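[1] Let me see the structure of the following:
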Amino acid sequence: MSPPAALGWALCCAALTACDATSGAERDDTTPTPVVPAGHPCPELALAPEASRRWDDGEVAPLALRLPTPPGIAVRVTQGNDGLFSHRGPERYAWDFGVELGTPVHAAAGGVVVWVEDGMSAFGPEPEHRDDANFVVVDHGGGLFSAYVHLAAGSARVLPGDVVAAGEILAETGLSGQMTGPHLHFHIENVWSESVPARFATPEGCTLLPAQDAFVTAWEAPLAAQTALSFAPPDAFSENGVSALEGLPARLFERDEHAAVLGRTTDESASEVWFLVLPPAGGTALFAQRFAVHAGRFTGRLDLRALAPGQYGVALVAGEGGPVSVPRSVRAAILN
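    Residues are numbered from 1 along each chain as shown. You can find the predicted model right below:
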């Protein structure tokens, strides 16, 4: 049905214990280059782009997927893109698969797990259950992520930071979140958890799924293994006065590794940029780190050692001193 709600408006006070960061360095990228496997049905869509993009509404994700359902079993698409019931707005490019409770959920492509919600048990058709869903999000690189929603509580077999292969079992379907009956909600999303169109591998090639009420069968395509993590796109926080962003992880942070971040401000009068860490649902910032701005540019290294490992929201925002607020934040996991 519908995925978890976006993190929403997050009011943040920058008058927290803050670190001033003024030095930067190049990232040491030792991630192995993925290889297109022999027999891939559409090699031009085999690998996610190297550079992360925002992937706005209507842009088709250039990544071939397998269905997230068990192979060899025909399942009904109970709601497709632009569905009549709930697939509208940020969720318009999603699919609902009519499967029984306890059905294994398979990774649609190789990647790294960046978010797991596994403890929810409330469900029902009412809007108040929208944020009660269990789900898993996998990063495929290039700013593209797959989301698997309405999972059974306690069924997750993965944790943030785990590397998964296409077809690997992530969890099982269950009753959680806003739903009228058992099903698996699936979509590909950008850094803001907005769905984008995607293609699925078949023996004949790679195509969009059929419309609602069609029956589809997962095919175990020879998809590429991918372990590269996405970075926040250069314009991810443009509405917060930050542009030309480089070096900021998109969803997964290593607490003990100081990522080098640099960028510009869209307002030349801005004197500082704040990196804010918030509760997952938004609210008052739990942590703030200041980057000084010189001639419209900022650079520095994140220092997250004061935070406990866990799941948060993160944002960058330019300011001129005093309290700041952000319209929305990216849900992220901090490891170690």
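[2] drop to CA atoms for contacts and neighbour counts, all remaining ones
    Noted.
[3] and the nearest residue to residue 253 once chain neighbours are set aside, what are its phi and psi?
    Leaving aside its sequence neighbours, residue 253 sits nearest to residue 334 (C-alpha to C-alpha, 6 or more residues apart in numbering; 4.7 Å). When quoted as degrees, to the nearest 10, the phi and psi of residue 334 stand at phi -110, psi 120.
[4] since we're on residue 168, how many residues are nearby?
    Residue 168 has 18 neighbouring residues, counting by other C-alpha atoms under 10 Å.
[5] How about residue 103?
    By other C-alpha under 10 Å, 18 other residues sit near residue 103.
[6] Which residues are in contact with it?
    By C-alpha atoms under 8 Å, 6 or more residues apart in numbering, the contact set of residue 103 is 69, 70, 172, 173.
[7] ranking those residues by neighbours, who comes first?
    Within the contacts of residue 103, neighbour counts (other C-alpha under 10 Å) peak at residue 173, which reaches 27 neighbours.
[8] Flag the helix or strand of this protein with the lowest per-element mean pLDDT.
    Here the helix or strand of the chain ranked lowest by mean pLDDT, DSSP states H and E is strand 10-12, holding a mean of 40.
[9] Are we agreed that residue 44 is in a helix?
    Yes - counting by DSSP: H, G, I helix; E, B strand; the rest coil, one finds residue 44 located in a helix.
[10] do you know how far it is from residue 190?
    Residue 44 sits 20 Å away from residue 190, going by C-alpha to C-alpha, to the nearest Å.
[11] more crowded one of the two?
    Per other C-alpha under 10 Å, whichever of residue 44 and residue 190 has more neighbours is residue 190, with 25 against 12.
[12] That one reaches residue 55, doesn't it?
    Yes - counting by C-alpha atoms under 8 Å, residue 190 does reach residue 55; the two are 5.8 Å apart.
[13] what sits in contact with each of the two?
    By C-alpha under 8 Å, 6+ apart, residue 190 and residue 55 have these common neighbours: 143, 144, 196.
[14] Out of those, give me the one that has the most neighbours.
    Using other C-alpha under 10 Å as the neighbour test, the shared contacts of residue 190 and residue 55 are led by residue 144, with 28 neighbours.
[15] and the nearest residue to that one once chain neighbours are set aside, what pLDDT?
    Closest residue in space to residue 144, ignoring its immediate chain neighbours: residue 190 at 5.4 Å, by C-alpha to C-alpha, 6+ apart. pLDDT recorded at residue 190 is 95.
[16] What separation do you get for residue 190 and residue 198?
    12 Å.
[17] cool, and residue 226?
    From residue 226 to residue 198 the distance is 17 Å (C-alpha to C-alpha).
[18] what does residue 304 give?
    34 Å.
[19] check contacts around the residue nearest to residue 144.
    For residue 190, the contact set (C-alpha under 8 Å, 6+ apart) comprises 54, 55, 56, 143, 144, 145, 196.
[20] Next step: the residues you listed restricted to strands.
    Among the contacts of residue 190, the members found in strands (DSSP state E) are 145, 196.
[21] Check the contacts of residue 190 and tell me the two furthest apart.
    56 and 145 (13.4 Å; C-alpha to C-alpha).
[22] The two - which one has more neighbours?
    Neighbours were counted for residue 56 and for residue 145 using other C-alpha under 10 Å; residue 145 has more, 27 against 15.
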